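Give me the fold of what follows.
(one chain, ligands or ions: 1)
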Amino acid sequence: MTGANRHYVLAAGGTGGHLLPAFALAAELDRRGHHVALVTDARGAQIPGKPDFLTAHVLPVGRFGKNPLGWIKGLSAVMEGRRMARALFDSFQPSAVVGFGGYPSLPALLAATSAGIPSVVHEQNAVLGRVNRLLSGRVDAIATAYPDVERLKPKFLRKVHLVGNPVRHELLDLREEDYPELTEDGLIRVLVTGGSQGARVLSEVVPDGLAMLPPALRMRLQVTQQCRPEDLEAVRERYRTHDIPAELATYFEDMAARLADAHLFIGRAGASTIAELTAVGRPAILVPLPIATDDHQAANTVEMVKAGGARMIRQERFTGKELAKQIMALADNPKGLANAAYAAWSCGRPDAVKDLADLVESFGGAEMMDVIRVGANTARGATQGVATGSASNRTSMGGRAA
Ligand SMILES: CC(=O)N[C@H]1[C@@H](OP(=O)(O)OP(=O)(O)OC[C@H]2O[C@@H](n3ccc(=O)[nH]c3=O)[C@H](O)[C@@H]2O)O[C@H](CO)[C@@H](O)[C@@H]1O
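As a prediction, the model looks like this:
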């Protein structure tokens with residue numbers, strides 16, 4: 001489709017939420033024979049998971065303080081970052097620059113757009129982040145993870161390409177596997193995680209909430225729960241009191257195996273968590289982080305909830321009683337959880353990294369944007385005039401019809 005041996009620069013900063021999709025795209029572009037460089041900040045350079053071939057170029061962070069001095073400092077860091085990015089582009093000669101959000105994205109994309117280098121931003125959440133918002137008028141394309149993205153001006157919809165969020169291979173491999181068997185009296189395995197940092201509220205509410213389920217259901221529970229280190233002992237004690245078997249850890253390295261076994265997920269609504277649940281097809285009770293910028297975790301739940309694959313509980317209403325009520329609503333008949341699993345699966349975008357790489361590759365050669373207008377995988381995306389990724393992700397569910 002396109003020639004190999006092009007050069008691309010990816011810019012992402014701060015947290016794994018921005019860096020991990022950049023690493024996934026870097027690996028895909030490298031696999032296609034291109035050269036890739038990363039522009040990040042000091043924090044981003046420490047995030048584990050960077051492919052070995054990827055050289056990281058560190059830019060100063062341009063945080064804008066609230067007072068005039070903070071503003072001047074922020075602005076001068078952005079200008080310095082822009083100058084450094086421009087010097088890198090002069091020697092590396094990228095065909096396109098791709099920003100994933102976080103502070104380093106801003107100077108890198110400013111340098112690209114002012115030099116006439118094609119530019120793309122990828123938004124992982126269902127609300128356009130601050131840096132992506134600032135850049136949306138200047139860049140050539142906006143890749144999104146959800147059909148509806150808040151805080152995106154309608155006049156920029158024509159630049160939008162729905163691709164999804166990249167998901168690790170070992171999780172994608174589970175997409176064609178069946179939902180784990182759920183018999184009338186067999187085990188119900190519940191997985192609870194709070195995102196990369198864990199979440200205290202899950203430790204406080206989930207054990208007692210599960211204990212409020214009717215005895216016939218409660219006796220079948222087997223829990224796997226991520227807890228912050230300081231909460232581990234108290235949570236262990238709660239489960240012991242309720243006589244519910246539970247395996248607890250501060251972080252599970254084997255998420256693929258954990259999700260493969262789980263009948264139900266309870267946790268936060270970070271972008272990767274949602275992408276993984278919908279890639280594998282697991283029903284969920286989602287409790288968005290209330291302090292997430294522009295309430296983006298609540299927005300992230302909308303598609304899954306509408307499809308019937310998840311229930312959302314606001315943290316201020318997240319009590320044991322409410323949790324038990326929502327679980328009962330999901331598992332209201334023997335096929336309830338399996339049906340919800342299928343609904344979750346139908347929201348998955350397993351071709352995210354491929355579609356994003358196709359979009360990026362469409363720059364810099366004779367071939368242009370039409371190559372990624374390959375289908376319409378949501379009616380809403382189509383009516384908005386949003387170019388979408390591959391439609392192939394919606395055709396089957398590996399024999400898991402409920
Ligand atoms: C607290 C915070 O600011 N979170 C933001 C952060 O996501 P944050 O990194 O907190 O959460 P995500 O859901 O995006 O990712 C969590 C990742 O950790 C993995 N995991 C989790 C627990 C565990 O025991 N083992 C494990 O491997 C999950 O499988 C997943 O891949 O960036 C995302 C993308 O911008 C945002 O949507 C989130 O709102």
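
Any chance you could note which residues of the stretch 251-400 of the chain sit beside the ligand?
Residues of the stretch 251-400 of the chain lying close to the ligand by Cβ under 6 Å from any ligand atom are 251-252, 255, 270-273, 276, 289, 292, 296-297. C-beta: built from backbone N, CA, C; applies to glycine.

Determine which residue belonging to the stretch 51-200 of the chain approaches the ligand most closely.
residue 195 (3.2 Å; Cβ to the nearest ligand atom).

That residue and residue 289 touch, don't they?
Yes: using Cβ atoms under 8 Å, residue 195 is in contact with residue 289, at 7.3 Å.

So for those two, which residues contact both of them?
Contact criterion Cβ atoms under 8 Å, 6 or more residues apart in numbering; residues shared by residue 195 and residue 289: 268, 270.

hmm, back to that, tell me which helix or strand the residue of the stretch 51-200 of the chain closest to the ligand sits in.
Of the helices and strands defined by DSSP states H and E, none includes residue 195.

which ones are touching it?
267-268, 270, 273, 289.

Any buried residues in the lengthiest helix in the chain, and which?
For the chain, the longest helix by residue count, based on DSSP state H, is helix 68-92. Judged by neighbour count (16 or more other Cβ atoms under 10 Å), helix 68-92 contains these buried residues: 73-74, 77-78, 81-82, 84-86, 88-89, 92.

who touches whichever helix or strand comes after that helix?
Under the assignment DSSP H and E, the closest C-terminal helix or strand after helix 68-92 is strand 96-99. If you take Cβ under 8 Å, 6+ apart as the criterion, strand 96-99 is touched by 8-12, 22, 25, 89, 105-106, 108-109, 111-112, 117-122, 131-132, 135, 139-140, 360, 363-364.

switch to 6 Å and redo it
Outside strand 96-99, the residues that touch it by Cβ atoms under 6 Å, 6 or more residues apart in numbering are 8-11, 105, 108-109, 112, 117-121, 360, 363-364.

from the contacts of residue 195, which is closest to the ligand?
Closest approach to the ligand among those (Cβ to the nearest ligand atom): residue 270, at 2.2 Å.

Would you mind giving both backbone torsions of the closest one?
Backbone torsions of residue 270, given as degrees, to the nearest 10, read phi -70, psi 160.

cool, and residue 35?
Main-chain torsions, residue 35, degrees, to the nearest 10: phi -100, psi 140.

and the helix or strand hosting residue 20, is it in reach of the ligand?
Residue 20 is part of helix 16-31, with elements assigned from DSSP H and E. Yes: with Cβ under 6 Å from any ligand atom as the criterion, the ligand is reached by helix 16-31 at 16-17.

If you count contacts, what does the longest helix of the chain end up packed against?
With contacts taken as 3 or more Cβ pairs under 6 Å, 6 or more residues apart in numbering; DSSP states H and E, helix 68-92 sits against helix 105-114.

Go through the residues of the stretch 251-400 of the chain next to the ligand and name the one nearest the ligand.
Comparing those against the ligand with Cβ to the nearest ligand atom places residue 270 closest, at 2.2 Å.

need the contact list for that closest one.
Residue 270 sits next to residue 195 when contact means Cβ under 6 Å, 6+ apart.

do residue 230 as well
Residue 230 touches nothing, counting by Cβ under 6 Å, 6+ apart.

Wasn't it part of a helix?
Yes: checked against DSSP: H, G, I helix; E, B strand; the rest coil, residue 230 lies within a helix.

Could you check the pLDDT of it?
Looking at residue 230, its pLDDT reads 95.
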